[in-house]
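In: sequence first, then the predicted structure:
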Amino acid sequence: MKLAVIGDPVAHSRSPEIHRRLLREAGIDGSYEAIRVRAGGTESALQRLADEGYTGCNVTSPLKEEAAAACDELSPLSQRIGAVNTIAFGRGAFGTTTDGIGATAALRARLGPLSGREILVLGTGPTARAAIAQLSDDIVRLWLWGRDGAKVEALCAQFGCLAYAQGADFEGAVFSALAPYARLPAEIAATLARSPLVVDANYGERATLGAQLGRDVVDGSEMLEAQARASFGIWLG
């Protein structure tokens with residue numbers, strides 16, 4: 001079984017380590033590589049992987065939307081959010097996302113059942129949209145904040161979220177899908193400082209949210225493990 005992760009940058013990714021372990025645990029003779037693919041080169045990269053006999057690949061930033069457009073078929077979830085993080089090759093390229101599974105797993109590990117919870121999602125990109133779609137199915141009261149007001153408004157209309165603004169009556173947990181090293185406005189930073197739980201989708205040296213806020217933040221390691229296992233299950237069929 002030949003597997004890979006594509007993105008730019010990709011050298012930092014822990015996906016090869018996790019998936020090689022999963023291959024060993026399953027007793028499968030296989031490989032998992034990290035392949036740097038620049039924006040604009042996703043379609044040709046996917047065709048090359050398919051031609052070389054890869055079973056599938058993961059997709060990371062900034063290629064998730066570009067990869068979705070290059071797939072022959074998308075899961076209903078990926079159709080809703082316009083992005084993929086997992087592709088399986090067969091008669092064509094089938095794309096889906098396990099980012100939402102990872103996000104909810106990280107939140108459940110600390111909060112237990114999410115039904116009735118109040119959660120603020122930061123960001124409007126592919127990872128944030130996957131988390132919103134997954135959480136909206138868990139009957140969670142969702143808030144959304146992002147720098148692009150038009151995108152926030154559109155996502156709130158699509159998924160039934162509440163647009164977060166300064167002074168909003170929010171006391172729940174936070175899931176941040178912002179880019180590494182993103183600087184928060186003071187009013188949002190103050191909200192996160194008061195939150196009982198903050199989960200950052202970034203991990204390793206790219207997880208800088210805790211230092212910015214001066215508080216404990218759960219990094220994306222648990223999220224990555226959960227979404228990796230979900231992707232691996234898709235490739236095993």
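Out: Yep, that arrived.
In: alpha carbons only: can I get stretch 225-237 in PDB?
Out: The C-alpha trace of stretch 225-237 is given here as PDB (Å, rounded to 0.1, in the frame of the first residue of the first chain):
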ATOM      1  CA  GLU A 225      -4.200  11.200  15.300                       C
ATOM      2  CA  ALA A 226      -8.000  10.900  15.100                       C
ATOM      3  CA  GLN A 227      -8.300  12.200  11.500                       C
ATOM      4  CA  ALA A 228      -5.300  10.000  10.500                       C
ATOM      5  CA  ARG A 229      -7.100   6.900  11.800                       C
ATOM      6  CA  ALA A 230     -10.300   7.900   9.900                       C
ATOM      7  CA  SER A 231      -8.300   8.400   6.700                       C
ATOM      8  CA  PHE A 232      -6.600   5.100   7.100                       C
ATOM      9  CA  GLY A 233      -9.900   3.400   7.600                       C
ATOM     10  CA  ILE A 234     -11.100   4.900   4.300                       C
ATOM     11  CA  TRP A 235      -8.100   3.500   2.400                       C
ATOM     12  CA  LEU A 236      -8.600   0.000   4.000                       C
ATOM     13  CA  GLY A 237     -12.200   0.200   2.600                       C
END
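In: buried set for the helix or strand of the chain with the lowest mean pLDDT?
Out: When each helix and strand of the chain is scored by mean pLDDT, DSSP states H and E, helix 186-194 comes last, with a mean of 92. Buried residues in helix 186-194, counted by 16 or more other CB atoms under 10 Å: 188, 191-192. The way it works is simple: take the backbone N, C-alpha and C, and place the C-beta from them, glycine included.
In: reformat those as a markdown table; add distance to Ala201.
Out: What follows is these, written out as a markdown table (distance: CB to CB, whole Å):
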| residue | distance to Ala201 |
| --- | --- |
| Ile188 | 16 |
| Thr191 | 18 |
| Leu192 | 14 |
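In: contacts for the helix or strand that comes right after the least confident helix or strand of the chain, please.
Out: Downstream of helix 186-194, the first helix or strand assigned by DSSP states H and E is strand 198-200. The contact list for strand 198-200 (CB atoms under 8 Å, 6 or more residues apart in numbering) reads 103, 106-107, 110, 173-176, 192, 207, 209-210, 213, 215-220, 223.
In: what's the answer for stretch 61-75, then?
Out: 6-8, 37, 39-40, 42-43, 46, 59, 78, 82-85, 87, 91-97, 125-127, 179.
In: now, the residues you listed that are in helices?
Out: Among the contacts of stretch 61-75, the ones falling in helices (DSSP state H) are 42-43, 46, 78, 126-127.
In: closest to Ser15 among these?
Out: The closest of those to Ser15 turns out to be Thr127 (CB to CB; 14.2 Å).
In: tell me which of the contacts of strand 198-200 fall in helices.
Out: With helices defined by DSSP H, the entries of the contacts of strand 198-200 inside them are 103, 106-107, 110, 192, 209-210, 213, 223.
In: cool, thanks, talk later.
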